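Trainee: mind looking at a prediction? Sequence and model below.
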Amino acid sequence: MESPWYSLMTNVSVVAFVVSAWTQLRDGLERFGPRATEICFGAIMGLGAIATMLFPVQFAPGVFFDLRGCLLALAAFFGGPLAALVALIPAITYRLWVGGAGAAVGMVSMTLITLAAAFGHLLLRRRGLRLSRWHSPALALATCIISLATVLLLPLDPGTDDWGALMLARTALLFLAVMLAGLALTHDEELRAARRENQIYRQVMDELPDSISVRDPEGRIVVANPATAKLLGDTSLGAPLASPPHTGETHRAFQQPVQRPDGGTSWLQTLEVQLNDPHGRPLGVITHNRDITAQKHLELELDERQRVLAFAMAQMTDGVAMFDHSGRLLFCNARYQKLFPLTSDVRIPGANIRDILAAAAERREQQVGSSPADVAEWIDEITESLHHDAEEEVHLFDGTWLRVSTRPSPDGVSMVVVSDITRLKRTEIELLNVAERLREEATTDALTGLVNRRALDPRLEVEIARSLRSDTALSVILLDIDHFKAYNDTYGHLAGDARLKAVGQSLGQVFRRPADLIARYGGEEFLVVLPEVDVEVAHRLANDYRDLLAALALPHQASEFNRVTVSLGIAAYAPGQTDRSAADLIGRADEALYAAKSGGRDQVSGWRRRFNMVPRSLRVVH
């Protein structure tokens, strides 16, 4: 019979071989996806557990000890529940096939060790913790405790001479094997995480539209993205890049001319950040270059304006974030977090885009609908936009405007670039306000502040069309200030303008509905459009206005009434009339106004069909 020490050391060799083999095979297996990788990891650990059982230490007939628990614990803790199940099933099957007095207790021990390690894996994942080096001793200790606890269930005779020494050696080897193998797998995981982070950083550099390069203390370029070669020509690694001498600052920004391969000169906006080692010694300089040649040429023509623009460009820095296909944030720079001040604490690597957006809605960082359904729809829409080219403008709680550009890559990773466009947005709003003021000035009578003739015509057409659709009444009142020419001759044109304003303002005291439209029709004439008002109500309102004007008693010495009066003509369409037009309606009101003038002025006249009317161009009424 072989020495038990030989069997234990053989078990240690098997554990070392299996762990080493996994670290070598993992790169090739990961291309099949995370699930396949977990299954393969569990299968390799399970086969290793069977291999350790081929070299057992027999303590009693049918009772064997080996390091199978080490590999099962590793499979469950580092691979998760799926890998644990794949490793445990063949190991238990083999132990059952071997049989013996300790078979049942051995299967219980393997199951408990696997469950405990799997629980530790799930606990780390639930709390979002990374693997740490101290986890391996903890896993080894838990494995040894479970293994020793199950020994009590075995039919052993502790009176054997070397029983205690073998049990102590077996426990010590199990602890060392689990701890050392766990440390090896943890170190391998750390190396892979660092490699993934380096790939992300490199992709961020390659995708940025601006030139990014790293120079050593001698000024030689050691790292550069494709935009650098495009901006500066065929720049080879190791070639020096001319720039002003470094003065020792950790950050500096400046403008510099660069000779292009075609002989021309380009102007660059350059930002340099010094790189230091842990002891503070300089390692090199990160350089960010942006081509500002066009802006520089404009600066030569408009020097002061270009200084303002250059200042704005110097202050503008984009935020960058990378999301994987599931919406998990892989990387973001500090500027990205700073642009979203209320949710900067949740915009960290590992966070999901849905959680970030939910926090933005809850904290009211962005203007989103108030109902849960609106918020859910908004989150779905933004999450979906990660999978295709998209660009949107975002309005934050503090009035900041951001432009968010999304560019997905073929491997499912999406890059999001966020730019602060608040100044541009405010300028756009100011231009819209100016345009609105110009529109109002073009449609408003400058003297009275009422709607002018230019704006009246289309609005009256709209009211005509609306009354036809709804089959409702529509009335207009055309009024004219009596003897206005004589008023101007007596009091002067400034006084006449004042009377026009007084008449216009007093109209608003009678015709107060939001739908009522009061317009200066021309000269001393005013037109009131009354939607959904029939002729009787229009007559009452017109007389109410006559009474109001009489109460004001505005003096007019050239009038037979010794005060300012108006004549009013009313025309209306009743429900059921389908032949309607603005020209016809105003023509009728004009005829009624002429009738009021002819009847002695200071009166209201409604339109009646009559013949031989004097054309408006030949009338002489004041």
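Mentor: It's in.
Trainee: ok, now which ones touch Gly42?
Mentor: 75, 79, 82-87 (Cβ atoms under 8 Å, 6 or more residues apart in numbering). No exception for glycine: its C-beta is placed from N, CA and C like everyone else's.
Trainee: Pro226 now?
Mentor: Asp206.
Trainee: near Arg513, how many other residues are there?
Mentor: Residues lying near Arg513 (other Cβ atoms under 10 Å) number 10.
Trainee: okay, now the unreliable bits of the stretch 151-300 of the chain?
Mentor: 152-166, 169, 231-249, 260-262, 300 (pLDDT under 70).
Trainee: residue boundaries of the strands in it?
Mentor: For the stretch 151-300 of the chain, the strands defined by DSSP state E, counting those that start in this stretch occupy 211-215, 221-224, 251-259, 265-276, 282-291.
Trainee: and the shortest one, how far from the chain's centre?
Mentor: Average the C-alpha atoms of strand 221-224, do the same for its chain, and the two points are 33 Å apart (Cα atoms, centre = their mean, to the nearest Å).
Trainee: same question, the third one
Mentor: Centroid separation for strand 251-259 versus its chain: 33 Å, with Cα atoms, centre = their mean.
Trainee: mind listing what's buried in it?
Mentor: 252, 255, 258 (16 or more other Cβ atoms under 10 Å).
Trainee: next one: stretch 489-505
Mentor: 491, 496, 499-500, 503-504.
Trainee: which single one of the residues you listed is nearest to Asp27?
Mentor: Gly504 (85.1 Å; Cβ to Cβ).
Trainee: that closest one sits in which helix or strand?
Mentor: helix 493-510 (DSSP states H and E).
Trainee: what lies in contact with that helix?
Mentor: Counting by Cβ under 8 Å, 6+ apart, residues outside helix 493-510 touching it are 445, 447-450, 481, 484, 487-488, 518, 520, 524, 526, 528, 541, 544-545, 548-549, 552, 554, 564, 566.
Trainee: give me that answer again for 10 Å
Mentor: 445, 447-450, 477, 479, 481, 484-485, 487-492, 516, 518-520, 523-524, 526, 528, 541-549, 551-552, 554-556, 564, 566 (Cβ atoms under 10 Å, 6 or more residues apart in numbering).
Trainee: circling back: in CSV: the buried residues of strand 251-259, plus distance to Lys296.
Mentor: Supplementary listing: these in CSV, determined by distance: Cβ to Cβ, whole Å:
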residue, distance to Lys296
Arg252, 19
Gln255, 8
Val258, 12
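Trainee: and which of the residues you listed is nearest Asp534?
Mentor: Gln255 (74.2 Å).
Trainee: angle of the helix ranked longest in the chain against strand 211-215?
Mentor: Looking across the chain with DSSP state H, the single longest helix is helix 163-207. On the basis of axes from the mean of the first three to the mean of the last three Cα atoms, to 10 degrees, helix 163-207 is oriented at 120 degrees to strand 211-215.
Trainee: for helix 163-207, what is the distance to the chain centroid?
Mentor: On Cα atoms, centre = their mean, the centre of helix 163-207 falls 38 Å from that of its chain.
Trainee: tell me which of the strands of the stretch 151-300 of the chain sits most buried.
Mentor: Using mean count of other Cβ atoms under 10 Å, the stretch among these with the largest mean neighbour count is strand 211-215, at a mean of 21.
Trainee: count the residues that sit near Glu384.
Mentor: Glu384 has 11 nearby residues by other Cβ under 10 Å.
Trainee: do the same with Ala572
Mentor: 24.
Trainee: how far away is it from Arg608?
Mentor: From Ala572 across to Arg608, the span is 12 Å (Cβ to Cβ, to the nearest Å).
Trainee: what do you get for Arg328?
Mentor: Arg328 is 80 Å from Arg608, by Cβ to Cβ.
Trainee: what about these two, which has more around it?
Mentor: Just comparing Arg328 and Arg608: by other Cβ under 10 Å the higher neighbour count belongs to Arg328, 15 against 9.
Trainee: who's in contact with the more buried one?
Mentor: Contacts of Arg328 by Cβ under 10 Å, 6+ apart are 322, 349-355.
Trainee: could you flag which of those residues are buried?
Mentor: Buried members of the contacts of Arg328, scored by 16+ other Cβ under 10 Å, are 322, 351-355.
Trainee: from these, which single one is nearest Asp374?
Mentor: Comparing those against Asp374 with Cβ to Cβ places Arg354 closest, at 15.2 Å.
Trainee: that closest one and Glu381: what is the separation?
Mentor: Arg354 is 12 Å from Glu381, by Cβ to Cβ.
Trainee: Ser567 now?
Mentor: Here Ser567 is placed at a distance of 61 Å from Glu381 (Cβ to Cβ).
Trainee: please say which of these two ends up with more neighbours.
Mentor: Neighbours around Ser567 and Glu381, counted as other Cβ under 10 Å, are more numerous at Ser567. The numbers are 25 against 12.
Trainee: out of the contacts of Arg328, which one sits closest to Glu532?
Mentor: Arg354 (50.5 Å).
Trainee: what pLDDT does that closest one get?
Mentor: Confidence at Arg354, expressed as pLDDT, is 91.
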